[in-house]
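A.B. asks: Using only what follows, build the 3D model:
(one chain, ligands or ions: 1)
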Amino acid sequence: MNDTLSSRPASPDGWRAISKGMTTAIGGTPLIRLHRASEETGCEILGKAEFMNPGGSVKDRAALAIIEDALQRGTLKPGGTIVEGTAGNTGIGITLVAQAMGCKAVIVVPETQSREKLDFLRMIGADLRLVPAKPYRDPGNYVHVSRRLAEETGALWANQFDNTANREGHRTTTAREIWNQTQGKVDAFTCACGTGGTLAGIAIGLREQALEAGRKAPHIVLADPEGSGLYGWVKSNDMSIIGGSITEGIGQSRVTANLEGCAPDDAERIPDAEALDHIFSLTADEGLSVGGSSGINVASAIRTARKLGPGHTIVTILCDGGARYQSKLFNPEFLRSKGLPVPGWLA
Ligand code: PMP
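C.D. replies: Numbers count the residues shown, from 1 in each chain. You can find the predicted model right below:
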């Protein structure tokens, strides 16, 4: 079942011997076969290991794309400051990429985000501004605070939700990597949305590749946690919300500029207990430690496989690693307080 180092084939893009620096080490992540999910469904279910990026998440790609775009346009000057509101991972990516490229970053984060992400931001020297968690319609919401901070200080606002450099980064890198790694055999793609940059960029990129190759466009499925409006948006064009979720960084109550025009074919709404089941199984059965949104994504990939039937290849994203949520997803007391299952080895 498990291959060894010596039998591991080179990726279609080739392993890069020397990266010219941290920014060129972003992307080029492995696409990992998820054995249990694949065997249970008769499909090939593949997870793009974005937790292997230098900053530890899929958001390194958005951070790099946004900063490179701003430097090219001249809206960010070398040595200049970029401000962003984030659930944490984009803040980590932006701080590290800014440091690697000689810029400064200011990061606004709701104080409810996991302790590990906040500690990591402090550890890497982020200029961190914690704000109380407020809904988007409230002017105290972290996104609005970050926009005002940028305006007041004359810094650049990264605006990851509505800056389409974010999805463009995924169209030109993640989508192409997935296409090359599967040699064009990708029947479906599914992932959850925060900004929607990952889903939309990959959906648009894969559709373009399929068109060019004269192949059927992959089936695009939006994976949504409870407490988010996007499932309703795809299914019935109304953003009605049920329940809530402990997952961080995903779920959305508006159609961001990144999501506009992406038109997913379907959506799955995944309860936390179902997502956790996959997170614990990925650890116990496959040796992969991942965070909450990866569990939502894998659950959605399995549901999609069951709908499409055996023989299909379904790709999803393993967005970040489990260590970022040790005090929540892997803490028996926290799980019990939410009425969620505790895996045997933690209990
Ligand atoms: N998973 C995690 C862990 C994240 O931090 C984020 C972004 N906040 C996402 C998924 C969603 O990615 P995107 O913003 O590209 O929709």
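A.B. asks: Run the contact check for stretch 194-207 versus the ligand.
C.D. replies: Yes - counting by CB under 6 Å from any ligand atom, the ligand has neighbours in stretch 194-207: Gly194, Thr195, Gly196, Gly197, Thr198. Any C-beta I mention is one placed from the backbone N, CA and C, and that applies to glycine too.
A.B. asks: so how far is that stretch from its chain's centroid?
C.D. replies: 10 Å (CA atoms, centre = their mean, to the nearest Å).
A.B. asks: coming back round to it: of the residues of stretch 194-207 next to the ligand, which belong to helices?
C.D. replies: Gly197, Thr198 (DSSP state H).
A.B. asks: Around the ligand, pick out the residues from the stretch 1-150 of the chain.
C.D. replies: Residues of the stretch 1-150 of the chain lying near the ligand (CB under 6 Å from any ligand atom): Ser57, Val58, Lys59, Ala87, Asn89, Thr90.
A.B. asks: quick one on the thing from earlier: which among the residues of stretch 194-207 next to the ligand count as buried?
C.D. replies: Gly194, Thr195, Gly196, Gly197, Thr198 (16 or more other CB atoms under 10 Å).
A.B. asks: And what about Ile314, helix, strand or coil?
C.D. replies: strand (DSSP: H, G, I helix; E, B strand; the rest coil).
A.B. asks: can you check Leu340 too?
C.D. replies: coil.
A.B. asks: hmm, back to that, looking at the residues of stretch 194-207 next to the ligand, which is nearest Cys43?
C.D. replies: Thr198 (21.1 Å; CB to CB).
A.B. asks: Is it correct that that closest one is in contact with Thr316?
C.D. replies: No - taking CB atoms under 8 Å as the definition, Thr198 is not a contact partner of Thr316, at 10.2 Å.
A.B. asks: Quick check: neighbours shared by the two?
C.D. replies: Taking CB atoms under 8 Å, 6 or more residues apart in numbering as the criterion, Thr198 and Thr316 both touch Cys191.
A.B. asks: Could I get the full set of strands for this protein?
C.D. replies: Along the chain, the segments classed as strands by DSSP state E run 31-33, 44-49, 81-85, 104-110, 127-131, 156-157, 188-192, 219-225, 266-270, 313-318.
A.B. asks: Find the one among those with the highest mean neighbour count.
C.D. replies: strand 188-192 (a mean of 30; mean count of other CB atoms under 10 Å).
A.B. asks: Next, the angle strand 219-225 makes with that one.
C.D. replies: 20 degrees (axes from the mean of the first three to the mean of the last three CA atoms, to 10 degrees).
A.B. asks: Please enumerate residues in contact with strand 188-192?
C.D. replies: Contacts of strand 188-192 (CB under 8 Å, 6+ apart): 178, 198-199, 202-203, 206, 218-225, 247, 250-251, 268, 293, 296-297, 300-301, 304-305, 308, 312-317, 319.
A.B. asks: residues contacting the closest residue to Arg33 other than its chain neighbours?
C.D. replies: Distances taken as CB to CB, 6 or more residues apart in numbering put Leu46 closest to Arg33, at 5.8 Å, once the chain neighbours are dropped. For Leu46, the contact set (CB under 8 Å, 6+ apart) comprises Leu31, Ile32, Arg33, Leu34, Gln181, Thr182, Thr313, Ile314, Val315, Thr316.
A.B. asks: Neighbours of Asp138, how many?
C.D. replies: 10 (other CB atoms under 10 Å).
A.B. asks: And it, what's its pLDDT?
C.D. replies: Model confidence at Asp138, given as pLDDT, is 96.
A.B. asks: for it, what are its contacts?
C.D. replies: Contacts of Asp138 (CB under 8 Å, 6+ apart): His144.
A.B. asks: Which parts of the stretch 51-200 of the chain are helices?
C.D. replies: 59-73, 89-100, 115-123, 142-153, 165-169, 175-181, 197-213 (DSSP state H, counting those that start in this stretch).
A.B. asks: Need the contact partners of the second one.
C.D. replies: Outside of helix 89-100, the residues within contact range by CB under 8 Å, 6+ apart are 21-23, 26, 53-64, 66-67, 82, 84, 86, 104-105, 107, 109, 117, 120-121, 124-126, 128, 158, 160, 249, 319-320, 324.
A.B. asks: Isn't Thr75 up against Ala158?
C.D. replies: No - checked against CB under 8 Å, the pair Thr75 and Ala158 is beyond contact range at 10.3 Å.
A.B. asks: More neighbours: those two, which one.
C.D. replies: With neighbours defined as other CB under 10 Å, Thr75 and Ala158 compare such that Ala158 has more, 32 against 12.
A.B. asks: which residues does the nearest residue to the more buried one once chain neighbours are set aside form a beta bridge with?
C.D. replies: Using CB to CB, 6+ apart and skipping residues adjacent in sequence, the residue nearest Ala158 is Glu84, 3.9 Å away. Beta bridges link Glu84 to Ile107, judged by DSSP bridges.
A.B. asks: Assess the claim that Leu222 and Gly232 are in contact.
C.D. replies: No - judged on CB under 8 Å, Leu222 makes no contact with Gly232 at a distance of 10.7 Å.
A.B. asks: No more questions from me, cheers.
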